[in-house]
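S.K.: sequence? don't have it. structure:
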């Protein structure tokens, strides 16, 4: 079908032509005017309180207390069950969030603008490792950190970015790929590059030396700080690819801890979902598979733009997370993904693959034809709320999403 | 009883966290160890290890640049064993073995990206899938050889028509043999390069002719397979005509050989007309067919051996058989068990010159079908569908045919057993050895005499002379060609006693 | 005689994509012929309905 090829070509051009810049950090209420009181945006396709997994519920309770919508976690749980809150996907509001991925009015969000298309995408600031809300953490320490992000770090980060005139992300990611990052499980290099770029601006704009030191240390001590930036970048790149008629390219992949969902350019804003799979990986001491929560988060947006599992070849150490995977097998993961993508990104190339560009533009036809599903690098949350990350590994997108999407897509182009 | 906890801090030793997690998992599997971890001593990690009950006070002094080993075990012995294991792991350089499976592309599209110069797709997947892969291949500019059978005639016609429009060659379906630019593909032999071009609708026929041309001192420019049904009316000889066009304009080809089962008369005359338009001389072998009017530059022959002799201009030196004397089991009929269909057909043509009727599962003109019943020679093509359903072809795995040979040798109603042994790429690496071993395991009385020939060359992986020697040492009479083997067997059973 | 596209094929060094029996690829490799072996599987994991849809969608 000639028009599918043409549409996919256009989709790929939009992906490759994107110019994402991290420009600001602003309150979510300002970034997303339709985000009102008692609205809670979550990761993944739509779901309600009854369907939510443990960590998602834990995070919901925590954020309700944080926003002052409930006095205690118990009260927040009761309110949730009574329907006091409206649960909506981040993806419907130009936003993304890792793991539980909650976005509410009081949180600061990072703003990435795709200057080619003029659209913006938002993501909250990464809280750090250990017990954090994105893994369902909701104790005092978690909420205190969120307040500091809202009141101190977020505004300072925004000032620094404005002072700098924005942080262009495309080249930064390109450099990160040559330094061993794949932008999902490993963001060490990009976090360092971000800190290097931002430190002078922070120094110019934060008066108090203690606050300055704390802000810089917060970035520097969190190897995953860049993840949320990469996610907002991914969202800003993929949103303009939505709704291209007859394009069979995946525009979003996302999980809510219960279901895995994808959206496809030619089928508009419909989600095609299937039960999410369990990640396979390595666990922190004291934890096993039995503690693991099913896969979760909007972070799969990075795979959607050709990073994460698709860029595994750039990050051989990460390949070790797969069951019996050897670091030398990392390039095979990337090459395997080239079987299901329509092109490569020449600006994001991988040294270990002779500078092959990352496989870009997942075509649902190729996924269904080859039986190869996208490989996703992911963190593993404890299934009980409030405990946090217990491991990291790799998970497959469920084939059923792609099969459902293919049938709907075919109908959309008049083929049954 | 309380658990034993051992902690060790290695100052300023950095290892990647994934490497450490993998090591930790290995140590945890030691008997008596409840939990073990090796981590860099960052505050977050110290907290995790403390929570897991893996750290003593020493461990908590570690900093982010130190590597911390924490072990909780049932007793001191297990804990120390784990610590030793941890130390060994740390001191041993990480020798990662290569992933056991290297990456292969999954689709034609990706394969072409991998090898943009690709010019041929060699397809041997099940017939129902072969067509769509072939279609993709020609649309992406490749030529195609389809080894697979079970492709419908309609699919073949549509595929070849599209290929013709796209100026791409389809060899097949059911094409076992081709030698392109000196490269033997699938079931083919290592034959010297030379000036004879072959177009063939029959695999083993091409193998026999190409090998004999080699033996007679000649060589092959290209041997283009077209698939067994190309000369049927429905297909119209599309691939055959394209191949003849190409060989006609190929400066390295001086003579053209066409080998096929008898074509439909309509397609046959089209092909002969095209041959007549060429300035090159041709040899035409429609095996089992009638005599046809030939263009002036073409000679018609009726056996594979004559094809090779005629195109090489060598005399029809019918080697005289060295027949065993002094014993007679009384059998006057021949049982032929063939792995090559065209070799079976050629043998039928020769046995038809004898006194008895010839029966076959693939009867040529003047042979009888097995279904008709009656007494006569029986020549079976064991590569035919009815014998290969769900089993490997006898050229790949001769064991099934060998069983049939074994029981035929024990059957005194046969005077002679007639065999082909086809070697070359694709074929079993020692078919003669396998057969001889089986025959040597058994003792026979009054067994029929076995006659065989070896289709192939000295340069084939199996080496023709070695295969011949093995057969001869087992008392099998080995003729220089398939035709000679048939002729010898016939004169053996018809000898005056 | 005018040379055809098929002559271009016959004259060029052979580079093969092998779809099916791996021994064919191994034997070509043995002879030093460039060959890419496909890790082939029936399209759509053998689901005929989806495979038919895919062929119409031109994947």
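M.R.: That came in fine, so what should we check first? These figures come from a predicted structure and were not determined experimentally. Numbering: from 1, shown residues only, chains lettered A, B, ... in the order given.
S.K.: these two touch, right, residue B:236 and residue B:268?
M.R.: No - Residue B:236 is beyond contact range of residue B:268, at 11.2 Å (criterion: C-beta atoms under 8 Å). For every residue, glycine as well, the C-beta is placed using N, CA and C.
S.K.: Just give me how far the host helix or strand of residue B:68 sits from the chain centre.
M.R.: Assigned by DSSP states H and E, residue B:68 belongs to strand B:67-73. Centre-to-centre, strand B:67-73 and its host chain are 56 Å apart (C-alpha atoms, centre = their mean, to the nearest Å).
S.K.: hmm, it in reach of chain A?
M.R.: Yes - applying C-beta under 8 Å from any C-beta of the partner chain, one finds that strand B:67-73 is in contact with chain A at residue B:70.
S.K.: Work out the sheet partners of that strand and label each with its direction, please.
M.R.: strand B:4-10 (antiparallel), strand B:33-40 (antiparallel) (DSSP bridges).
S.K.: Mind checking the pLDDT average for the last one?
M.R.: Right, strand B:33-40. For strand B:33-40, mean pLDDT rounds to 90.
S.K.: Quick check: the residue of the stretch 1-150 of chain A nearest chain C.
M.R.: residue A:1 (4.4 Å; C-beta to the nearest C-beta).
S.K.: Nearest spatial neighbour of that residue, chain-adjacent residues omitted?
M.R.: Of all residues not flanking residue A:1 in the chain, residue C:58 sits nearest, at 4.4 Å (C-beta to C-beta, 6 or more residues apart in numbering or on different chains).
S.K.: Going along the chain, name the helices of the stretch 101-250 of chain A.
M.R.: In the stretch 101-250 of chain A, the helices defined using DSSP state H, counting those that start in this stretch lie at A:140-148, A:154-164, A:170-178, A:188-205, A:209-220, A:225-238.
S.K.: do the same with chain C
M.R.: In chain C, helices defined by DSSP state H lie at C:5-11, C:22-30, C:48-57, listed in chain order.
S.K.: of those helices, which approaches residue B:132 most closely?
M.R.: helix C:48-57 (6.2 Å; C-beta to C-beta).
S.K.: Output the contacting helices and strands for the closest one.
M.R.: On a contact count with 3 or more C-beta pairs under 8 Å, 6 or more residues apart in numbering or on different chains; DSSP states H and E, helix C:48-57 meets helix A:364-370, helix A:399-412.
S.K.: Reformat the ones you listed into JSON lines and put mean neighbour count next to each item.
M.R.: Below are the helices and strands packed on helix C:48-57 laid out as JSON lines (neighbours: other C-beta atoms under 10 Å in any protein chain shown):
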{"stretch": "helix A:364-370", "mean neighbour count": "27"}
{"stretch": "helix A:399-412", "mean neighbour count": "21"}
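S.K.: Just put these in JSON lines and tack on distance to chain C and mean pLDDT.
M.R.: Compiled in JSON lines, those are given as follows (distance: least, C-beta to the nearest C-beta, whole Å; pLDDT from 0 to 100):
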{"stretch": "helix A:364-370", "distance to chain C": "4", "mean pLDDT": "96"}
{"stretch": "helix A:399-412", "distance to chain C": "5", "mean pLDDT": "97"}
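S.K.: Relative to residue C:24, which of these is closest?
M.R.: helix A:364-370 (21.3 Å).
S.K.: what about the closest one and chain B, touching?
M.R.: Yes - Helix A:364-370 reaches chain B (C-beta under 8 Å from any C-beta) through A:366, A:369-370.
S.K.: From the centroid of the chain, which residue is nearest?
M.R.: In the absence of a named chain, chain A is used. Computing the C-alpha centroid of chain A and ranking residues by C-alpha atoms, centre = their mean puts residue A:299 first, at 2.1 Å.
S.K.: looking at chain C here, not the other one
M.R.: Short answer for chain C (C-alpha atoms, centre = their mean): residue C:17, at 4.1 Å.
S.K.: helices or strands up against the helix or strand of chain A with the lowest mean pLDDT?
M.R.: One helix or strand of chain A scores below all others by mean pLDDT, DSSP states H and E: helix A:316-319, with a mean of 81. Under the contact criterion of 3+ C-beta pairs under 8 Å, 6+ apart, helix A:316-319 touches helix A:330-337, helix B:17-28.
S.K.: Output these in JSON lines, with mean pLDDT, distance to residue C:12 and mean neighbour count appended to each entry.
M.R.: Converted to JSON lines, these look like this (pLDDT from 0 to 100; distance: least, C-beta to C-beta, whole Å; neighbours: other C-beta atoms under 10 Å in any protein chain shown):
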{"stretch": "helix A:330-337", "mean pLDDT": "90", "distance to residue C:12": "26", "mean neighbour count": "24"}
{"stretch": "helix B:17-28", "mean pLDDT": "81", "distance to residue C:12": "46", "mean neighbour count": "20"}
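S.K.: out of those helices, which comes closest to chain C?
M.R.: helix A:330-337 (9.1 Å).
S.K.: Any residue of the closest one touching chain C?
M.R.: No - using C-beta under 8 Å from any C-beta, helix A:330-337 never reaches chain C; the gap is at least 9.1 Å.
S.K.: how about that helix, does it reach chain B?
M.R.: Yes - contact of helix A:330-337 with chain B (C-beta under 8 Å from any C-beta) involves A:331-332, A:335-336.
S.K.: quick one, the lowest-mean-pLDDT helix or strand in chain C and helix A:399-412 angle?
M.R.: Using mean pLDDT, DSSP H and E, helix C:48-57 stands out as the lowest-scoring helix or strand of chain C, at a mean of 88. If you take axes from the mean of the first three to the mean of the last three C-alpha atoms, to 10 degrees, helix C:48-57 sits at 50 degrees to helix A:399-412.
S.K.: which residues touch the residue nearest to the centre of chain C?
M.R.: B:108, B:111-112, B:115, B:118, B:120-122, B:137, B:142, C:35-36, C:38 (C-beta atoms under 8 Å, 6 or more residues apart in numbering or on different chains).
S.K.: Please determine how far it is located from residue A:353.
M.R.: 20 Å (C-beta to C-beta, to the nearest Å).
S.K.: Residue numbers of chain C in contact with chain B?
M.R.: C:1-7, C:9-21, C:23-24, C:27-28, C:31, C:33-34, C:36-43, C:55.
S.K.: Taking those, please make a PyMOL selection of just the buried ones.
M.R.: Those of the residues of chain C next to chain B that count as buried under 16 or more other C-beta atoms under 10 Å in any protein chain shown are selected in PyMOL with:
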select buried, chain C and resi 4+6+7+9+10+14+15+16+17+18+19+20+21+24+27+28+33+36+37+38+39+40+41+43
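S.K.: picking up where we left off before, could you export the strands paired with strand B:67-73 as JSON lines, including mean neighbour count?
M.R.: Shown next, in JSON lines, are these (neighbours: other C-beta under 10 Å):
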{"stretch": "strand B:4-10", "mean neighbour count": "18"}
{"stretch": "strand B:33-40", "mean neighbour count": "23"}
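S.K.: doesn't residue B:268 make contact with residue B:233?
M.R.: No - using C-beta under 8 Å, residue B:233 makes no contact with residue B:268, being 10.0 Å away.
S.K.: Could you check which of the two is surrounded by more residues?
M.R.: residue B:268 (18 against 12; other C-beta atoms under 10 Å in any protein chain shown).
S.K.: what's next to the one helix or strand the more buried one maps to, contact-wise?
M.R.: Following DSSP H and E, one finds residue B:268 within helix B:265-276. Applying C-beta under 8 Å, 6+ apart, the contact partners of helix B:265-276 are B:231-233, B:235-237, B:240-241, B:244-245, B:256, B:258, B:262-263, B:282, B:284, B:286, B:292-298.
S.K.: for stretch B:72-85, same thing?
M.R.: B:1, B:3-6, B:8, B:26-27, B:30-36, B:52-54, B:69, B:71.
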